[in-house]
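[1] build me a model:
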Amino acid sequence: MKIDLNLFVVFDAIYCEGNITKAASVLNLSQPAVSHSLGKLRNHFDDPLFIRQGNEMRPTPVAKNVIDDVREALHQLQVCLVQSRQFEPLTSRKSFSLSLHGSLEPYYLPILQESLSIESPAIHLNSNKRVNRSELENKLASGDIDLAIDALIPVSNNIRHTQLQSDQLMVVGRKDHPALTTTLDLDTYLKLDHVLVSSRSTGPGLEDFELSRMGYHRKISLRCQQALSACKVILSNDMLLTLPKTAAEMYSEMLDIVMHPLPVELPDIGVHLYWHVNVDKEPANKWLRNKMIIAASNAVTSKQA
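    Residues are numbered from 1 along each chain as shown. I've put the predicted structure just below:
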């Protein structure tokens with residue numbers, strides 16, 4: 001049977017004050033409203049609950065039997081309401097689920113974890129829930145993921161996002177690649193074989209979409225999901241790989257590959273942080289978003305210094 005929880009607030013006030021008029025004053029309600037609520041409680045418990053003796057309302061045995069449970073339930077509800085408006089990162093053991101595009105995870109996950117390790121040592125991050133871009137909104141809405149980091153993609157008004165970084169596209173090849181020893185021209189770039197990093201099994205990459213708008217087409221000889229795999233592939237051949245500069249710099253420090261400017265001007269890649277409108281003001285999610293934004297900003301500033 002459904003029952004209005006506010007009735008138990010009235011119950012506690014009557015029990016505490018021993019008088020309907022005083023209970024109404026404490027609750028800032030009219031006396032008839034309190035009497036009406038008491039009537040509903042009496043019907044629910046099938047008991048008078050309070051019996052008038054002079055100017056006082058004395059609790060019945062049923063009322064005495066349930067008052068402790070009622071007060072404990074009201075206390076727990078109050079605690080829950082307070083905690084829903086607060087978040088203590090130092091003591092929280094909350095787990096956050098993130099979705100990061102494959103080429104972005106090696107860059108953004110370490111700087112976020114470094115930022116959290118001191119301020120929130122018990123918080124757990126889970127970056128295993130990589131979702132397709134077509135499913136991003138549903139996964140954020142369901143709470144299956146808390147935040148996502150990806151390139152700028154079309155989303156509805158239910159999804160909030162902010163730009164973390166604007167990244168220039170670069171050409172990557174093996175260290176002794178003959179086409180990268182001098183200035184790379186557009187004809188050579190288009191003629192050579194390319195590796196495309198994409199989470200999708202079909203469809204053009206962002207760079208291919210922009211090239212097609214200019215009337216150009218390049219040859220995709222290999223499609224894979226991970227940028228690190230693509231970088232290792234090009235170590236032993238003359239294939240080229242086009243990556244955001246942040247990722248290209250990171251992998252060039254690990255492998256014998258070099259970066260080269262694109263021979264054609266393409267728009268920079270905007271890296272965005274996404275979350276659902278339902279958690280826009282939720283303290284824990286808001287805190288993690290701010291940490292990610294600050295960490296990303298500090299990383300960019302450090303690279304520019």
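[2] count the residues that sit near Tyr107.
    For Tyr107, the neighbour count with other Cβ atoms under 10 Å is 23. All C-beta spots, glycine's among them, are computed from the backbone N, C-alpha and C.
[3] next: Ser97.
    17.
[4] does it touch Asp144 like I think?
    Yes. In this structure, Ser97 is within contact of Asp144 by Cβ atoms under 8 Å, at 6.8 Å.
[5] quick one: Leu164 is in a strand?
    Yes. Assessed by DSSP: H, G, I helix; E, B strand; the rest coil, Leu164 belongs to a strand.
[6] what sits against it?
    Leu164 sits next to 108, 149, 271-273, 292-293, 296-297 when contact means Cβ atoms under 8 Å, 6 or more residues apart in numbering.
[7] skipping adjacent residues, who's closest to it in space?
    Ala296 (4.2 Å; Cβ to Cβ, 6 or more residues apart in numbering).
[8] quick check: phi and psi on the residue most central in space within the chain?
    The centroid of the chain falls nearest to Leu147 when counting by Cα atoms, centre = their mean (1.8 Å). In terms of degrees, to the nearest 10, the main-chain angles of Leu147 are phi -140, psi 150.
[9] wait, it sits on Leu273?
    Yes. Counting by Cβ under 8 Å, Leu273 is a contact partner of Leu147 at 6.3 Å.
[10] list residues touching both of the two?
    Common contacts of Leu147 and Leu273 (Cβ under 8 Å, 6+ apart): 289, 292.
[11] for this structure, give me the ranges with low pLDDT.
    Residues of the chain that meet the criterion pLDDT under 70 lie in 1, 81-85, 129, 300-305.
[12] show me which helix runs longest in it.
    For the chain, the longest helix by residue count, based on DSSP state H, is helix 61-84.
[13] check which element follows it along the chain.
    Downstream of helix 61-84, the next assigned helix or strand under DSSP states H and E is strand 95-100.
[14] next secondary structure after that next one?
    Next element after strand 95-100 (DSSP H and E): helix 105-119.
[15] elements contacting that next one?
    Counting contacts by 3 or more Cβ pairs under 8 Å, 6 or more residues apart in numbering; DSSP states H and E, helix 105-119 packs against strand 95-100, strand 124-126, helix 245-254, helix 283-304.
[16] would you reformat the ones you listed as TSV and include distance to Lys191?
    Listed next are the helices and strands packed on helix 105-119 as TSV, based on distance: least, Cβ to Cβ, whole Å:
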stretch	distance to Lys191
strand 95-100	33
strand 124-126	43
helix 245-254	21
helix 283-304	33
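[17] quick one: closest of those to Asn55.
    With Cβ to Cβ as the criterion, Asn55 lies closest to helix 283-304 of these, at 45.9 Å.
[18] quick one: buried residues of that closest one?
    Residues of helix 283-304 classed as buried: 283-285, 287-289, 291-292, 295-296, 299 (neighbour count, 16 or more other Cβ atoms under 10 Å).
[19] and stretch 204-216, by the same measure?
    Quick answer for stretch 204-216 (16+ other Cβ under 10 Å): 205-208, 210-211.
[20] contacts for that stretch, please.
    With Cβ under 8 Å, 6+ apart, stretch 204-216 has contacts from 151, 169, 186, 190, 196-198, 217-218, 220, 242, 264, 266-267, 269.
[21] need the CA coordinates for stretch 10-26. PDB is fine.
    Below are the C-alpha coordinates for stretch 10-26, written out as PDB (Å, rounded to 0.1, in the frame of the first residue of the first chain):
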ATOM      1  CA  VAL A  10       3.100  14.800  11.000                       C
ATOM      2  CA  PHE A  11       3.000  11.600  13.200                       C
ATOM      3  CA  ASP A  12       6.400  12.400  14.700                       C
ATOM      4  CA  ALA A  13       5.400  16.000  15.400                       C
ATOM      5  CA  ILE A  14       2.200  15.000  17.100                       C
ATOM      6  CA  TYR A  15       4.100  12.400  19.200                       C
ATOM      7  CA  CYS A  16       6.700  15.000  20.200                       C
ATOM      8  CA  GLU A  17       4.300  17.900  20.900                       C
ATOM      9  CA  GLY A  18       1.400  15.900  22.300                       C
ATOM     10  CA  ASN A  19      -1.000  18.400  20.800                       C
ATOM     11  CA  ILE A  20      -2.400  18.900  17.300                       C
ATOM     12  CA  THR A  21      -2.300  22.700  17.500                       C
ATOM     13  CA  LYS A  22       1.300  22.700  18.600                       C
ATOM     14  CA  ALA A  23       2.300  20.200  16.000                       C
ATOM     15  CA  ALA A  24       0.600  22.300  13.300                       C
ATOM     16  CA  SER A  25       2.600  25.300  14.500                       C
ATOM     17  CA  VAL A  26       5.900  23.400  14.400                       C
END
